[in-house]
Each structure stands twice: as structure tokens, then as C-alpha cells.
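In: I would like the atomic coordinates for the input below:
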Amino acid sequence: MTFATIHPVTVGDLTFDVRTSGPGDGEPVMLLHGFPETSLSWTSVAARLADAGLRVIAVDQRGYSPGARPTDVAAYATGLLADDVVGVADVLGLATFHLVGHDWGSAVAWLTAGRYPERVRTLTAVSVPHLTAYTAALRDDPEQQQKAAYISFMREAGTAEELLLADGARRLTAIYGDDVPVALVVQYVSHLAEPGALTAALNWYRAMGPELADTPRTQVPTTFVWGEHDQAIGRVPAEACGDFVDADYRFVELAGIGHWVPEQAPDSLAEAIITRVRT
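Out: Numbering: from 1, shown residues only. Next comes the predicted model:
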């Protein structure tokens, strides 16, 4: 099977698009993408993980899969997103699995590992640190406050969609900068321009609340990967991340790398994931 092949996985009333690669009997690794991306963000990383003998499962998450796109903002509460991860694992027959998340996918991964430590073998979180560390920095750190200023815009229903998609999605395209290959940007933007898709993705921001500060401490072996030039996450929460992990922990800082780690530094990220899985 190629990574580009989509397999539908139905969990309750929702059907998720899932891409897979690697041997069927390999250690299962579930990959959760961020905003504004899709599971295709893992293409280069997935190839390296599959070559290492791992079974790769990359999910187009709630709102990104056309068959899992409810209209109610409340349907995108972070707890429900974490439940989706376990639901997909259940359907695939995975009693336990390794979990990797980037950006919003990292936020979901932290919550999944915190709530379901018996299911998650290891965690590799990318770009977004433990949510308690993040929310503390959002409250106290001027740099993080500045880096997160865009969130209020994302929460503006209707206005954000209109501005991001105006002028041929010029503003949406600009979010990726020069760090994401043009071919992937075209696919991301095309996907999010589908009816209802961008609103569903933005509903993740609109549904987030103060409960993220109460994300459980992490009990599973964890690696946090952060680019030193991350446009959205500052050094204060990145360095505080390990304070909320009660297990073996590694902080991997990538010099010269920004926020789009899976696309910009697939070799380094794949190495960090493989090392964590095999430790």
C-alpha cells in the first residue's frame, strides 16, 4: 500500500480518511496533523518510518475528513478530538500504539496520552508543548502572547474564512511561508477550500477553552521536538514542557527550523520518532 491511498475508518457517526504505509505487522505509529494541513504533511516522515519497519497510520482528523465534518462548534472540543484517536485505534484493532502529533495534532496527542496512558506506548509531540506549559506561557510570557496573537483572528466566525480564502486564498497560502513545498501547499489549500472544510478546521480554535490548562500530566515516555525559529511557539513553553512529563523525557531542539517541522525537517523528525519508539 502507498501512503497516498485513503482508507475510510468509521467511528460512530464519523468516517475518517486514513493513510497508511509500512508493514502490517510493524509497531503501529499514529500520526496527527496540524492546522492548516492534512495527513499529507507526514508524507516524507511516513516514508522514513515505513523504511524503518514501522506501521504508519496518518489520520485526516475531525473536520478535515469530509465524512467527519459536523457543523456545531461544540463538536470540535479537544476532548472529542482525543476520543477520535482512540476510536480509530479501536476500529483498527490497536490495543496500544505510538502517538505522534504536530501543531494542533500535538495538542490532541498530549490530551490523548494524558487521558489514555494505557493505550499510548510513547508520545512524540512536535512544535506544541504540553498544554499546561503552553497556557501558562500564554498568561505570563510576553513573547508567547505575541506569537499567539493570531488565535483571536482564527476564532472570528465567518470573518476568518472570508479573509483567508479571499484573493485566491492568498492569506491562507502565506501562512506556510517558504518552509512547505509548493506542491503540498497547493493540496492543503485545495482541500481547505472545499465547502465547509475551512470552517471545520477553524472550529478547533473556536471550541478551545480554559480546560486546556488542566490537561493531565503525561505518564508515558515522551519526546518533544521544537524548531528554534518556531513562529507560533516561544522558548519559554518549549523549555517548560518537560515539567509536565512523569516519564522518560527528551527535548529535541532543531536549529534553523521553524514551525513546519514535518515538511521542513523530515529526517530529524523521523529520527526522533524512531529513537523514541525503540527506546
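In: tell me which element residue 50 is part of?
Out: Residue 50 belongs to helix 43-51 when assigned by DSSP states H and E.
In: list the helices and strands that helix packs on?
Out: Judged by 3 or more C-beta pairs under 8 Å, 6 or more residues apart in numbering; DSSP states H and E, the packing partners of helix 43-51 are strand 14-21, strand 28-32, strand 55-60, helix 261-264, helix 266-278. For glycine as for every other residue, the C-beta is placed from the backbone atoms N, C-alpha and C.
In: looking at these, which is buried most?
Out: With neighbours defined by mean count of other C-beta atoms under 10 Å, none of those is more surrounded on average than strand 28-32, at a mean of 27.
In: which residues of the stretch 1-150 of the chain fall in strands?
Out: Ranges of strands in the stretch 1-150 of the chain, per DSSP state E, counting those that start in this stretch, are 6-11, 14-21, 28-32, 55-60, 97-102, 120-126.
In: distance to residue 157 and mean pLDDT added to these, as TSV?
Out: Written out in TSV, the entries for these read as follows (distance: least, C-beta to C-beta, whole Å; pLDDT from 0 to 100):
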stretch	distance to residue 157	mean pLDDT
strand 6-11	26	95
strand 14-21	22	97
strand 28-32	24	98
strand 55-60	22	97
strand 97-102	25	98
strand 120-126	28	99
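In: can you list those in JSON lines and add distance to residue 189?
Out: Rendered in JSON lines, the data for those read as follows (distance: least, C-beta to C-beta, whole Å):
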{"stretch": "strand 6-11", "distance to residue 189": "19"}
{"stretch": "strand 14-21", "distance to residue 189": "17"}
{"stretch": "strand 28-32", "distance to residue 189": "20"}
{"stretch": "strand 55-60", "distance to residue 189": "15"}
{"stretch": "strand 97-102", "distance to residue 189": "18"}
{"stretch": "strand 120-126", "distance to residue 189": "22"}
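In: what's the closest of those strands to residue 38?
Out: Proximity of the strands of the stretch 1-150 of the chain to residue 38 was assessed by C-beta to C-beta; the nearest stretch is strand 55-60, lying at 5.4 Å.
In: so what touches stretch 161-174?
Out: Counting contacts by C-beta atoms under 8 Å, 6 or more residues apart in numbering, the residues outside stretch 161-174 that touch it are 36, 185, 189, 192, 193, 198, 199, 202.
In: what subset of those residues is buried?
Out: Neighbour counting with 16 or more other C-beta atoms under 10 Å marks 36, 185, 189, 192, 198, 199, 202 as buried within the contacts of stretch 161-174.
In: got any ranges where the stretch 1-150 of the chain has weak pLDDT?
Out: Counting by pLDDT under 70, the stretch 1-150 of the chain contains low-confidence ranges at 1-4.
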